[in-house]
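1. When you get a sec, could you give me coordinates for this:
(4 chains)
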Protein chains: 2
Amino acid sequence: MSEPGRRRRHDPDRRERIIDACLDVIAEEGVAGTSHRRVAAAADVPLGSMTYHFSGMDELLQEAFTRFATAVSDEFEQHMAAVATREDAVEAVVAIIADTVFASPRDLVLTHELYTLAAREPAFRALTNAWMTRSRTALERHFDPATARMVDALIEGLTIHRALDTEPHDAQVVAEAVRRITAIGT
Amino acid sequence: MSEPGRRRRHDPDRRERIIDACLDVIAEEGVAGTSHRRVAAAADVPLGSMTYHFSGMDELLQEAFTRFATAVSDEFEQHMAAVATREDAVEAVVAIIADTVFASPRDLVLTHELYTLAAREPAFRALTNAWMTRSRTALERHFDPATARMVDALIEGLTIHRALDTEPHDAQVVAEAVRRITAIGT
DNA sequence: ACGAGTTGCGTACGATTGTACCCATGACCC
DNA sequence: GGGTCATGGGTACAATCGTACGCAACTCGT
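-> Residues are numbered from 1 along each chain as shown, chains lettered A, B, ... in the order given. The predicted structure is shown next:
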């Protein structure tokens, strides 16, 4: 019985695949358009698997966004950990903004969807708070807390604008802004 | 026939009331939880009025967010129009961030909802682009285009953080950041 | 004052949703 | 190698959705 796509008992990665598929569906259709059926179809699992692996839609979304936030946060920390001087830190921030962390439209959309959820539901707010705290802590290895906060805000704002604007940002301008806000002269 | 809540023929503001109620529902339940029935209940109009006044859900959302974006944009321009010097402009920006434009949780939530929609659907993206262009133009009366862009991004980021953070921002820190990014010495 | 026509609403329908339930299936132990 | 039990999926159901349609009610010209 090895017909492809049939009879797939004892599939230990199924839960993971569902979570991945869920993020894909959210990115394409939005949280509003995300249903058990659509996720099941995307993950190529039967509908029954949804209620078996997850207690409900909330748990699924929670796990999906936890994975997303952790992945983005990891990448952020990794970028910031490699730098030694404050000048390098500025460059790292510019690089993060430019093309590394928030590159794909997929991630941009997912970020927006998560924020919207977080603005209303406390459970998701805790998630974003943890994410933001990690970012800020990484920045505070190189800048004072107040400055770190502002740099974080600038990153956030540029990310938002990138999702909505048509044209990308000018790297030179961004670099200059980061330098100014961190009070590091050109 | 003057029973309260009954027989309300020839109500010319009905359309407006529906739009207002729609924004309320979005703020409370999110775009995902916004339905014809819920909006009708909030506006205290019969369900049939929905399909009569609007061709569909899309038109309703479009009009609601247009109203919202215009209102916020108006307030923004009004704040920036009153200033003469660059120093005043910095103060105006700080004031906008601090407590004027994005004060209520309602507006913060609505902003997120709109952005999420805009990230996926072109019609709503046009709306946010127009909004952002107006803000940027207002800023460009006092700053060069590149700086205006960065100031706008900072406002955006701080707004986002405010929606997600528990504690408000320190006005002093914000003021300092705006001064730095606009290259106006303390 | 009355009839015609526009404005507005009650209701019903087909589609889609989340979730619960029950049985089939495959793994593991003896 | 066969019996048992946990694992997992097919299906059915109640709720809710957007939308269409037909009729009631009110206005206005004559």
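2. For the helix or strand that contains A:Cys22, name the packing helices and strands.
-> Using DSSP states H and E, A:Cys22 falls within helix A:14-29. Helices and strands touching helix A:14-29, as assessed by 3 or more Cβ pairs under 8 Å, 6 or more residues apart in numbering or on different chains; DSSP states H and E, comprise helix A:36-43, helix A:48-53, helix A:57-81, helix A:105-120. For the C-beta atoms, the positions are set from N, CA and C on the backbone; glycine is no exception.
3. Can you give the distance from the first one to the centre of its chain?
-> On the basis of Cα atoms, centre = their mean, to the nearest Å, helix A:36-43 sits 21 Å off its chain's mean C-alpha point.
4. Stretch A:162-176 now?
-> When C-alpha coordinates are averaged (Cα atoms, centre = their mean), stretch A:162-176 and its chain have centres 19 Å apart.
5. ok so, going back, would you tell me which of the helices and strands packed on helix A:14-29 gets closest to chain B?
-> Using Cβ to the nearest Cβ as the measure, helix A:105-120 is the one of these that comes nearest chain B, at 4.4 Å.
6. what bits of chain A have low per-residue confidence?
-> Flagging of chain A using pLDDT under 70 yields the residue ranges A:1-12, A:99-103, A:185-186.
7. Setting aside sequence neighbours, what's the nearest residue to A:Arg68?
-> Arg isn't right for residue A:68; it's Phe. A:Leu110 (5.5 Å; Cβ to Cβ, 6 or more residues apart in numbering or on different chains).
8. How many residues are close by the one you found?
-> Using other Cβ atoms under 10 Å in any protein chain shown, A:Leu110 has 22 other residues around it.
9. now it: how far from B:Arg14?
-> Applying Cβ to Cβ, to the nearest Å, the value for A:Leu110 to B:Arg14 is 38 Å.
10. Now do the domain split for chain A, please.
-> A:1-54, A:66-181 (automatic domain parsing).
11. can you redo those domains as JSON lines with distance to B:Glu167?
-> Shown next, in JSON lines, are the domains of chain A (distance: least, Cβ to Cβ, whole Å):
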{"stretch": "domain A:1-54", "distance to B:Glu167": "27"}
{"stretch": "domain A:66-181", "distance to B:Glu167": "11"}
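12. ranking these by burial, who's on top?
-> domain A:66-181 (a mean of 18; mean count of other Cβ atoms under 10 Å in any protein chain shown).
13. Tell me how far that one lies from the chain's centre.
-> Relative to its parent chain, domain A:66-181 has a centroid offset of 10 Å by Cα atoms, centre = their mean.
14. about what we covered before: only C-alpha atoms, please: export the helix holding A:Cys22 in PDB.
-> What follows is helix A:14-29, C-alpha atoms only, in PDB (Å, rounded to 0.1, in the frame of the first residue of the first chain):
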ATOM      1  CA  ARG A  14       2.400  15.600  10.800                       C
ATOM      2  CA  ARG A  15       1.900  18.200  13.500                       C
ATOM      3  CA  GLU A  16       4.800  20.200  12.300                       C
ATOM      4  CA  ARG A  17       3.600  20.000   8.700                       C
ATOM      5  CA  ILE A  18       0.200  21.300   9.800                       C
ATOM      6  CA  ILE A  19       1.800  24.300  11.500                       C
ATOM      7  CA  ASP A  20       3.900  25.100   8.500                       C
ATOM      8  CA  ALA A  21       0.900  24.800   6.200                       C
ATOM      9  CA  CYS A  22      -1.100  27.000   8.600                       C
ATOM     10  CA  LEU A  23       1.500  29.800   8.200                       C
ATOM     11  CA  ASP A  24       1.300  29.400   4.500                       C
ATOM     12  CA  VAL A  25      -2.400  29.700   4.500                       C
ATOM     13  CA  ILE A  26      -2.300  32.700   6.800                       C
ATOM     14  CA  ALA A  27       0.200  34.400   4.500                       C
ATOM     15  CA  GLU A  28      -2.000  33.800   1.500                       C
ATOM     16  CA  GLU A  29      -5.500  34.200   2.800                       C
END
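15. Now do it against helix A:57-81, angle only.
-> Interaxial angle of helix A:14-29 relative to helix A:57-81 (axes from the mean of the first three to the mean of the last three Cα atoms, to 10 degrees): 90 degrees.
16. Turn the helices and strands packed on helix A:14-29 into CSV, columns for distance to DNA strand C.
-> Formatted as CSV, the helices and strands packed on helix A:14-29 follow (distance: least, Cβ to the nearest atom of the strand, whole Å):
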stretch, distance to DNA strand C
helix A:36-43, 4
helix A:48-53, 4
helix A:57-81, 4
helix A:105-120, 14
